[in-house]
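Student: could you work out the structure for the sequence below:
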Amino acid sequence: MANNSIQADVSAPEVVRLTDVSKRFVVRKDNSLKERLVTLGRVGRRNREEFWALKNIDLSISAGTTIGLIGHNGSGKSTLLKVIGGILDPTTGSVENRGRIAALLELGAGFHPDLTGRENVYLNASILGLSQAETDERFADILAFSGIGDFIDSQVKFYSSGMYVRLAFAVAVHTEPDILLVDEVLSVGDEAFQRKCLDKIREFQEEGCTIILVTHSLGQVTELCDRAVLLNRGEIVIDGDPREAVALFRDILEDRRLAEIRPTDGEHAAVAVTTLSARPAHPGANGELSPGDDLYIDVTATSDTGLSGCSIGIQIDNVQGTGVWGTSSKRLGSDLPTTPGLASMRFVLHDSQFGAGKYFINVSIIDASGVHLHDWTQAASFDVADIAEAYGVVNTLPTFEITP
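Tutor: As a prediction, this is how the structure comes out:
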């Protein structure tokens, strides 16, 4: 795979460097004690399997950079973060870093379940390099940020997952780290706490902290990160602009989804959905749909008896599965062909204003009483180009002015 690395900012010092890093895990197939005793002393590797989570990673990160690590499950994101943080040693290659590292790698990591929250605060703070006096000075702020109140003196084994994350994040961000590593843990807290964490991350960005973030929220990557690394099967696919990395990742996910679909007999094979830009002279990046383009959705259906009394419905979903737009031939006051055989139909969405990202088109044939005769979920997809002026599910170009 190509490694399209961007050039590091020569004006900022390098704080992380990985050179030809690979990480191998050995997976045992004899999981039980009985199986291991039976296979004890046998020659060969029939009961072991090697798995390379990272392969020949070269990565340089400058101070003050916010970098997002993205990829599907099992791509090596969390392993790479643990290697950077020194939690795991690489099998081959070298890792160098500079400055104090605070890591939020997994739920409750570094907490002792039999200690209270207060005791774990002092334990974690000491691990991150704070003296007891420094922790004393910051304890009130840590407790206030976590919002767990009187539970601070309860054993953490009785904490909920959200309380774990609140306290762990509060400790990490109050140690004034030079490098902050965050691995998907923010998705556990409630919305108010997530907003508080994101505000803190933005504050760190303004202070020049280096942040390395693993997340499945691609919107966070394009909003927060000034660089993104896309991993696939332990290798770097692209290292560069977050929007380009996110767009490529969505294409990889769609290819995987289509590869997993099993062909079926009957009506499914008779329906095809395509999207076309009405302004070929103004295409979006990488062939994406641009705001203001007309969106063409072509549907072809075959019927032995005709489609009299039926209607064709379409719904467009975002990547979270939320329906963002829909219509039907009935809503538009159009009747379907009554003659048997092939019927070709077209929906045109004029001056489309979808927000940046990937969208999926669902198609349905509906009878006169509203019963869905056939549904084709995610029959096709399309991408919408990003714009620099705004973000969200709707593309409305904003302006700004100072009013008296």
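
Student: switch to C-alpha atoms for all contacts and neighbour counts from now on
Tutor: OK.

Student: and residue 136, what element?
Tutor: helix 132-146 (DSSP states H and E).

Student: list the buried residues of that helix.
Tutor: The neighbour-count check on helix 132-146 (16 or more other C-alpha atoms under 10 Å) flags 135, 139, 142-143, 145-146 as buried.

Student: do the same with stretch 70-77
Tutor: In stretch 70-77, residues buried by neighbour count (16+ other C-alpha under 10 Å) are 70-72, 75-77.

Student: what is the lowest-pLDDT residue among those residues?
Tutor: Lowest pLDDT within the buried residues of stretch 70-77 is found at residue 72 (87).

Student: ok so residue 248 is a helix residue?
Tutor: Yes. Assignment of residue 248 by DSSP: H, G, I helix; E, B strand; the rest coil places it within a helix.

Student: what's the burial count for it?
Tutor: If you count neighbours by other C-alpha atoms under 10 Å, residue 248 ends up with 16.

Student: list the contacts of it.
Tutor: The contact partners of residue 248, by C-alpha atoms under 8 Å, 6 or more residues apart in numbering, come to none.

Student: quick one, phi/psi of the residue nearest to residue 19 when sequence neighbours are not counted?
Tutor: Nearest residue to residue 19 in three dimensions, chain neighbours excluded: residue 58, at 4.8 Å (C-alpha to C-alpha, 6 or more residues apart in numbering). When read as degrees, to the nearest 10, the backbone of residue 58 gives phi -120, psi 120.

Student: which ones are touching residue 58?
Tutor: 17-21.

Student: with distance to residue 184 and pLDDT added, can I get the buried residues of helix 132-146 in a markdown table?
Tutor: What follows is the buried residues of helix 132-146, written out as a markdown table (distance: C-alpha to C-alpha, whole Å; pLDDT from 0 to 100):
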| residue | distance to residue 184 | pLDDT |
| --- | --- | --- |
| 135 | 26 | 92 |
| 139 | 25 | 94 |
| 142 | 21 | 92 |
| 143 | 22 | 93 |
| 145 | 19 | 89 |
| 146 | 17 | 87 |
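
Student: quick one, strands of the stretch 251-400 of the chain?
Tutor: 273-274, 295-303, 311-317, 323-328, 341-349, 357-366, 372-384 (DSSP state E, counting those that start in this stretch).

Student: of all those strands, which one is nearest residue 289?
Tutor: For residue 289, the closest of the strands of the stretch 251-400 of the chain is strand 372-384, at 4.6 Å, according to C-alpha to C-alpha.

Student: quick one: buried residues of stretch 82-97?
Tutor: In stretch 82-97, counting by 16+ other C-alpha under 10 Å, buried: 82-85, 89-90, 92-95, 97.

Student: what about the residues you listed, which are in helices?
Tutor: 82-84 (DSSP state H).

Student: quick check, nearest of those to residue 368?
Tutor: Out of these, the member with the shortest distance to residue 368 (by C-alpha to C-alpha) is residue 82, at 57.7 Å.

Student: now that closest one: closest residue in space that isn't a chain neighbour?
Tutor: Per C-alpha to C-alpha, 6+ apart, closest to residue 82 is residue 88, 5.6 Å.

Student: where's the one you found relative to residue 95, distance?
Tutor: 11 Å (C-alpha to C-alpha, to the nearest Å).

Student: repeat that for residue 72.
Tutor: Counting by C-alpha to C-alpha, the gap from residue 72 to residue 95 is 24 Å.

Student: what of residue 179?
Tutor: For residue 179, the distance to residue 95 - C-alpha to C-alpha - is 14 Å.

Student: OK, contacts around residue 314?
Tutor: Residue 314 neighbours (C-alpha under 8 Å, 6+ apart): 326-328, 361-364.

Student: which residues of the stretch 251-400 of the chain score low on pLDDT?
Tutor: 257-287 (pLDDT under 70).

Student: which residue sits closest to the residue lying farthest from the centre of the chain, ignoring its sequence neighbours?
Tutor: Most distant from the centre of the chain: residue 339, at 46.9 Å, with distances by C-alpha atoms, centre = their mean. Once flanking residues are discounted, residue 339 sits nearest to residue 306: 4.7 Å by C-alpha to C-alpha, 6+ apart.

Student: the one you found: neighbouring residues, count only.
Tutor: The burial count for residue 306: 17, using other C-alpha under 10 Å.

Student: which among the buried residues of stretch 70-77 gets closest to residue 332?
Tutor: Closest to residue 332, out of all of the buried residues of stretch 70-77 and judged by C-alpha to C-alpha, is residue 72, at 39.6 Å.

Student: beta partners for the residue nearest to the closest one when sequence neighbours are not counted?
Tutor: Excluding the flanking residues, the one nearest residue 72 by C-alpha to C-alpha, 6+ apart is residue 232, at 7.2 Å. Beta bridges link residue 232 to residue 235, judged by DSSP bridges.

Student: from residue 53, how far out is residue 232?
Tutor: For residue 232 relative to residue 53 (C-alpha to C-alpha), the value is 10 Å.

Student: give me the common contacts of these two.
Tutor: 75-76.

Student: could I get the contacting residues of residue 246?
Tutor: Here residue 246 is in contact with 70, 218, 221-222, 230 (C-alpha under 8 Å, 6+ apart).

Student: JSON lines for those, including distance to residue 317 and secondary structure?
Tutor: Below are those laid out as JSON lines (distance: C-alpha to C-alpha, whole Å; DSSP: H, G, I helix; E, B strand; the rest coil):
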{"residue": "70", "distance to residue 317": "22", "secondary structure": "strand"}
{"residue": "218", "distance to residue 317": "16", "secondary structure": "helix"}
{"residue": "221", "distance to residue 317": "21", "secondary structure": "helix"}
{"residue": "222", "distance to residue 317": "20", "secondary structure": "helix"}
{"residue": "230", "distance to residue 317": "24", "secondary structure": "strand"}
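
Student: follow-up on the earlier one: any idea which of the ones in helices among the buried residues of stretch 82-97 is closest to residue 310?
Tutor: residue 82 (56.1 Å).

Student: my guess is that closest one contacts residue 105, does it?
Tutor: Yes. At 7.3 Å, residue 82 counts as touching residue 105 under the criterion of C-alpha atoms under 8 Å.

Student: perfect, that will be all.
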